[in-house]
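> next input, structure requested:
(one chain, ligands or ions: 1)
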Amino acid sequence: MKTIDVCLSPELMHLYHVRDRTIVVVDILRATSCMVTAFAHGVESITPVADLNTCRMMKSKGYIISGERDGKKVQGFDKGNSPYEYAGSDIRGKRIAFTTTNGTQAIEKSKDANKVIIGSFLNLSTVVKYLLFGENNVLIVCAGWKGKVNLEDTLFAGAVIDKLRNHIEPDCDAPLIAHDLYTRAKGDMVTYLSNSSHVKRLDKLDIHKDIEYCLTPDQFDVLPKLKNGVLTLS
Ligand code: 3SL
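I've put the predicted structure just below:
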């Protein structure tokens, strides 16, 4: 049977052999939710970029430049990190360069895996179907917050494990922790997360509507995949 493990923070990546795995990168609030929304609305590609300057320079190459630091849109950038900014027709057929505090860093750390896909609650069932029929063992990489573990990415891992529990075996204890938390939270994830650190951070920025949106499962049937440093649907 294939196995599934959960890397609860990118700081723990050195513990995992990734070359023969499929990695699912997740940053529920909000980077990977934005990415999935953008692909569902016709963006051609997203290039995850680790630093602000590289991202800024991509503007002159025709990219929409997007990103946040500490939850806030970067000054001079075209877009920030609210999924609602990626739900319009203005991004159709465009290329985005994207940099965020945690999500794009987690993608960067995952790039040596056999396959890298982007997960969120918005495309949960599409992710699960792909993992079910794929041949690789799976690692879910939670973006967390500046190296620390967070609840929302862990819940997503638990949701994937819940759907795959009869088909893929947990590799260690992190999948068991994630699944247990998800079982407690699944009835009302918004309430469950109300005391979590990033929900509190986003509440201070008055962006509560993003939270409910990002926790809504199965809105889109898209699966962004990383190839040569660029995310596309192909
Ligand atoms: O860290 C990230 O990648 C972001 O998703 C954080 S925030 O939701 O924009 O604050």
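> what does the chain have sitting close to the ligand?
Proximity of the chain to the ligand, by C-beta under 6 Å from any ligand atom, involves residues Asp27, Leu29, Arg30, Ala31, Glu68, Gly71, Asn81, Thr100, Thr101, Asn102, Gly103, Ala143. The way it works is simple: take the backbone N, C-alpha and C, and place the C-beta from them, glycine included.
> pLDDT of the host helix or strand of the fifth one, averaged?
Spelled out, it's Glu68. In this structure, Glu68 sits in strand 64-69 according to DSSP states H and E. Strand 64-69 carries an average pLDDT of 96.
> ok so, going back, what about the residues of the chain next to the ligand, which are in helices?
Among the residues of the chain next to the ligand, the residues falling in helices (DSSP state H) are Ala31, Gly103.
> quick check, nearest of the residues of the chain next to the ligand to Ala185?
Nearest to Ala185, judged by C-beta to C-beta, of the residues of the chain next to the ligand is Leu29 at 14.2 Å.
> check the secondary structure at the residue of the chain most remote from its centre for me.
Distance from the C-alpha centroid of the chain, by C-alpha atoms, centre = their mean, peaks at Ser60 (26.9 Å). Put simply, Ser60 is helix when judged by DSSP: H, G, I helix; E, B strand; the rest coil.
> state the distance from it to the ligand.
Using C-beta to the nearest ligand atom, to the nearest Å, we find Ser60 at a distance of 24 Å from the ligand.
> and if you look at Thr37?
Noted for Thr37: a distance of 12 Å to the ligand, by C-beta to the nearest ligand atom.
> please enumerate the helices of the protein.
Going by DSSP H, the chain shows helices at 31-40, 52-57, 103-110, 124-133, 151-164, 173-185, 189-192, 197-204, 208-214.
> how about the last one as CSV, C-alpha atoms only?
Written as CSV, here are the backbone C-alpha positions of helix 208-214 (Å, rounded to 0.1, in the frame of the first residue of the first chain):
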residue,chain,number,x,y,z
HIS,A,208,-12.8,37.5,7.7
LYS,A,209,-14.6,36.7,4.5
ASP,A,210,-11.5,35.2,3.1
ILE,A,211,-11.4,32.7,5.9
GLU,A,212,-14.8,31.3,5.2
TYR,A,213,-14.1,31.2,1.5
CYS,A,214,-10.8,29.3,2.0
